[in-house]
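K.L.:
got a sequence here, can you model it:
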Amino acid sequence: MICLIPTPHLMGKTGYLLPLMVVLLLPTFWATLSAGSPNITTDQLALLALKSHVTHDPQNLLATNWSSTTSVCNWIGVTCGSRHQRVTSLNLTEMGLTGTIPPHLGNLSFLTWLNILHNSFHGSIPIEIANLQRLKYLNFGNNSFSGEIPSWFGSFTKLEKLFLYGNNFTGGIPSTMGNLSKLEKLSLFNNSLKGQIPATLGNLSNLKNLYLDNNQLSGNLPFGIFDHLPKLEKLSLESNQVSGRIPKGLFKCKELVYLSLFNNSFEGNVPMEFRNLTMLKGLYLARNNLRGSIPFSIFNISSLQSLTLGYNKLFVHLSSDTFDHLPNLQYLHLRESQLSGKIPTSLFKCKGLKFLYLDNNQLEGVVPLEVGNLTWLTEFTIKRNNFVGEIPSVIGNLTSLKALDLSLNNFTGNLPFGIFKCKELKYVNLYHNQLEGIVPLEVGNSTSLTTLHMAQNHFVGGIPTLPPSLKWLGVPANNLVGEIPSSICNLSSLQSLLLYKNNLGGTIPACFGNLSSTLLYFSVHKNNFHGKIPENFADGCSLKSFDINNNQLEGLLPRSLGNCKDMELLDVGNNNINGTFPDWLGNLDQLQVLVLRSNRFYGHIDRYFQVTVHSFSRLGVIDISQNEFSGYLPTKFFEDLIAIREENKNKVKLEYIIDADIDGYYLSLTFTTKGLETEFQKLSTVWMAIDFSNNLFFGEIPKTVGELHSLIALNLSHNSLTGPIPSALGELTQLESLDLSSNKLQGIIPAELKNLIFLEVLNLSHNYLVGRVPRGKQFDTFPNDSYIGNLGLCGFPLSTSCSNNEILKPMPTKDRFIGGFNWKIAMVMGYGCGIVFGISMGYVVFTTGKPGCFIEMIERWERKYVRGKIRRSGGRKEFNFLGEKSLPLS
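P.N.:
Residues are numbered from 1 along each chain as shown. Purely as a prediction, here's the structure:
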């Protein structure tokens, strides 16, 4: 502290006292004033607080650079003003930072530029940020902020650019944003914002860019919202639920160059006033509910580069001069626009066209040769029309072509080999045409090709050498011959191999198992493959679908298939595969479809389910019919079918098990239901079915079958099942087909079966059922054949009438002793013979020390004996696994 002591000399000169005091006290005054006001130290503390709130700094940029030993103005991402030496800009773009924003950041009072784009900051934005009143640029884009956008964002009166896109903001857009009178750019896209767009946004008279796309905004656009936005250049509302008509005020925005209303619920006609937007370069109106004709004036906006109108209820007549005034057109999307007639030749004047989508219309005729003029064309899609004739060879001149989709038309002739000279070509879809000839050898030179889809044509010859870039090969339903080329082993990125319904043969290459780490879908059903299935499925097997149905494959089912943990469909039906029930199937907990039908499987399966831990919780379709499985029906197995036990009442939209992300391929399946063998081209996820028919099962039907509430088809026919029909089957309320024929079932038909209101087909024939056939509901629709061979039944629709309280008895069977022979004598004889046989065999086993050989001998005799009896009975399995003769059919 400075102390002034007056002296007589100085007191005599008071005129000098005041200036002297000012000079001496001024430094102390400024030092005291600065101590209580924000300065560079305040900025440093604010930034160090931000650093402490960063929990992950992968490049150690802040950890090593933001140090108190160096000037704040030299820190990375920090800029200071030359006049006040205060922080004016903070730019942390793409540093990979994770953390939260501290309230201290609001102390950067000179900040005009704040950019933390492309990081992982999360949480809410503290209210102290509202203190940054000098802000002109604020970018919080592509982070993980959540909660509602604070209303105090409307207080940044100097803000020109605001980017909050790519976060998790919820709630509505604050109406206070209409206070940002200097705002030029507002980007709120890719959030979860809801509600109506506030009318106050119409106050932003300096606004040039407004991006609100990919939110959940709804309601009509407010009246007059575009009346005072004369500078608006870019407007994107796409992928919301905005509805109503396109407002006429929009056409006052004469500066518009980009307008996207794509994927909303706009309705009504397309306004004629679009012709006023003479600077428009991009117009996106696809996927709405617009209807009526497309105004021809749109095709006169010569500045247009991109035009999408598809997936509405619009129609347009394409005249010969429709595209005469679109010299700059690069992108044309008229999918599903009710187009008819031929492609106008004026389209090929648009020589800068890169993307052309005309699919899902009624266009016809041939593809004009002038398509060869579109040398910049990258994607050409005209699928699902009525085009005819040959594919123009000039398509091979389109050197920039990457995607070609000509599927679902009526093209004929050979496939031009020049198409595969397009070095950039990645995707070719020729599905469902009338093409013929061989698959061009040049396909092997198409080094960028990833997808080749040629199903349902008339191609002949063999499969050529394929390019190593290929990921998706689909040539099913053709007339291909020969073997799978060994070069397929070089396709290290192959994901789908679909060769079904051809005349291919030979063996499946041994290297196939090595491809299973990338391969997702494999289908070769209805070919002529033989030999064994490759056994080397990789530990990381990625297969979701494995379909070899209807070939001549043999041997055991490889245990290594159990490595395919993502398997959804396993169909090995109609081959010569043998062995017992594969005990590793329970490891495939994603399995939805299992088909072992018509092979040489044998043995008890109920024992397996009693001792093995397994999971079939997603299994919905099981077909093990036409084998030699025996024993009791597996009660534990039925208890584990969670997907079928759960009811599907909440399923509103029909869904399918889709195998690959490409048109024309779903999980298909051939299944016997309602008495007919049916091929399902698309397999619904709610279609549940069980077929255990034509085996050697015996015993009673478990009551737990009645708990499979979503079951649609049940077939247990042609076994040796006994006992009554469980009344619990009346709980299968979704059942459409029930076949219990050709068994030894006894008792009455349960009245509870009348509850099956969806039942279309019922077959109880050739059993020992008695009593009156139930009447009412579905039972009044079933024919006589549903009950034939049950001599104890009576009533409609049978010719045998029932008297009151009469229950007819079944006819005596050949298995019962005839005459006065006492059954007790037979029992004593049986026990006696059994004891003698048992002692003899025990002696043999223990003296030779080879019980396993004896058991194996008995099992071989059992299978041989049963097959012999089946052949002698004309294919009908009249003997159970013990060789016991079944009761007669009639």
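K.L.:
would you map the helices across the chain?
P.N.:
Here the chain has its helices, by DSSP state H, at 8-11, 17-35, 40-52, 61-65, 606-611, 635-639, 642-645, 823-848, 851-872.
K.L.:
which of those helices comes out lowest on mean pLDDT?
P.N.:
Of all the helices of the chain, helix 17-35 carries the lowest average pLDDT, namely a mean of 39.
K.L.:
for the closest residue to Arg597 other than its chain neighbours, grab the count of nearby residues.
P.N.:
Once flanking residues are discounted, Arg597 sits nearest to Gly573: 3.6 Å by CB to CB, 6 or more residues apart in numbering. Bear in mind the C-beta positions are built from the backbone N, C-alpha and C, glycine included. Gly573 sits with 26 neighbouring residues when counted by other CB atoms under 10 Å.
K.L.:
ok, so what distance separates Gly573 from Gly244?
P.N.:
Look at Gly573 and Gly244: by CB to CB, to the nearest Å, they are 55 Å apart.
K.L.:
which residues are contacting stretch 639-647?
P.N.:
For stretch 639-647, the external contacting residues (CB atoms under 8 Å, 6 or more residues apart in numbering) are 592, 609, 614-620, 622, 688, 690, 704, 707-711, 734.
K.L.:
the same query, at a cut-off of 7 Å, please.
P.N.:
Stretch 639-647 has contacts (CB atoms under 7 Å, 6 or more residues apart in numbering) with 614-620, 688, 704, 707-711.
K.L.:
make a ChimeraX selection of whichever of those turn out to be buried.
P.N.:
Buried subset of the contacts of stretch 639-647, written as a ChimeraX selection, criterion 16 or more other CB atoms under 10 Å:
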select :614,616,618,619,620,688,704,707,708,709,710,711
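K.L.:
could you dump the contacts of stretch 639-647 to a markdown table with distance to Gln495 and pLDDT?
P.N.:
What follows is the contacts of stretch 639-647, written out as a markdown table (distance: CB to CB, whole Å; pLDDT from 0 to 100):
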| residue | distance to Gln495 | pLDDT |
| --- | --- | --- |
| His614 | 29 | 63 |
| Ser615 | 26 | 75 |
| Phe616 | 26 | 85 |
| Ser617 | 26 | 87 |
| Arg618 | 22 | 90 |
| Leu619 | 24 | 92 |
| Gly620 | 24 | 92 |
| Met688 | 28 | 92 |
| Thr704 | 39 | 94 |
| Glu707 | 38 | 94 |
| Leu708 | 34 | 95 |
| His709 | 36 | 93 |
| Ser710 | 31 | 93 |
| Leu711 | 33 | 94 |
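K.L.:
kindly reformat the contacts of stretch 639-647 as CSV containing distance to Leu277.
P.N.:
Below are the contacts of stretch 639-647 laid out as CSV (distance: CB to CB, whole Å):
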residue, distance to Leu277
His614, 65
Ser615, 60
Phe616, 60
Ser617, 57
Arg618, 53
Leu619, 57
Gly620, 53
Met688, 55
Thr704, 68
Glu707, 64
Leu708, 61
His709, 58
Ser710, 54
Leu711, 59
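K.L.:
next step: the contacts of stretch 639-647 restricted to strands.
P.N.:
Using DSSP state E, Met688, Leu711 are the members of the contacts of stretch 639-647 that sit in strands.
K.L.:
which of the contacts of stretch 639-647 sit farthest apart?
P.N.:
With CB to CB as the measure, no two of the contacts of stretch 639-647 lie farther apart than His614 and His709, at 21.4 Å.
K.L.:
for Glu647, grab the count of nearby residues.
P.N.:
When counting by other CB under 10 Å, one arrives at 11 neighbours for Glu647.
K.L.:
same thing with Leu594?
P.N.:
Leu594 - counted by other CB under 10 Å - has 22 other residues nearby.
K.L.:
cool, and Glu760?
P.N.:
Counted with other CB under 10 Å, the neighbours of Glu760 add up to 16.
K.L.:
so how far is Ile712 from the nearest residue to it once chain neighbours are set aside?
P.N.:
Distances taken as CB to CB, 6+ apart put Glu736 closest to Glu760, at 5.1 Å, once the chain neighbours are dropped. Note on Glu736: its distance to Ile712, by CB to CB, is 5 Å.
K.L.:
of those two, who's got more company?
P.N.:
Shown here are Glu736 and Ile712; by other CB under 10 Å, Ile712 has more neighbours (23 against 18).
K.L.:
and the more buried one, what is it in contact with?
P.N.:
Ile712 makes contact with Trp687, Met688, Ala689, Gln734, Leu735, Glu736 under the criterion CB under 7 Å, 6+ apart.
K.L.:
equivalent analysis for Phe609, please.
P.N.:
Phe609 makes contact with Pro634, Lys636, Phe637, according to CB under 7 Å, 6+ apart.
K.L.:
any chance of these in CSV, plus neighbour count?
P.N.:
Shown next, in CSV, are the contacts of Phe609 (neighbours: other CB atoms under 10 Å):
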residue, neighbour count
Pro634, 22
Lys636, 15
Phe637, 22
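K.L.:
which one of those residues is nearest to Phe522?
P.N.:
Nearest to Phe522 among the contacts of Phe609 is Phe637, at 26.5 Å by CB to CB.
K.L.:
nearest residue to that closest one other than its sequence neighbours?
P.N.:
For Phe637, the closest residue by CB to CB, 6+ apart turns out to be Phe609, at 4.8 Å.
K.L.:
next one: that neighbour relative to Phe355, how far apart?
P.N.:
56 Å.
K.L.:
repeat for Gln456
P.N.:
As judged by CB to CB, Gln456 and Phe355 stand 27 Å apart.
K.L.:
the more surrounded of these two?
P.N.:
Gln456 (21 against 18).
K.L.:
go ahead and confirm the more buried one touches Ala477.
P.N.:
Yes - the pair Gln456 / Ala477 is scored as a contact, 4.4 Å apart, by CB atoms under 7 Å.
K.L.:
how close does the closest residue to Thr704 other than its chain neighbours get to Glu483?
P.N.:
Closest residue to Thr704 apart from its sequence neighbours, by CB to CB, 6+ apart: Phe638 at 4.6 Å. As for Phe638, its distance to Glu483 is 42 Å (criterion: CB to CB).
K.L.:
done for today, thanks.
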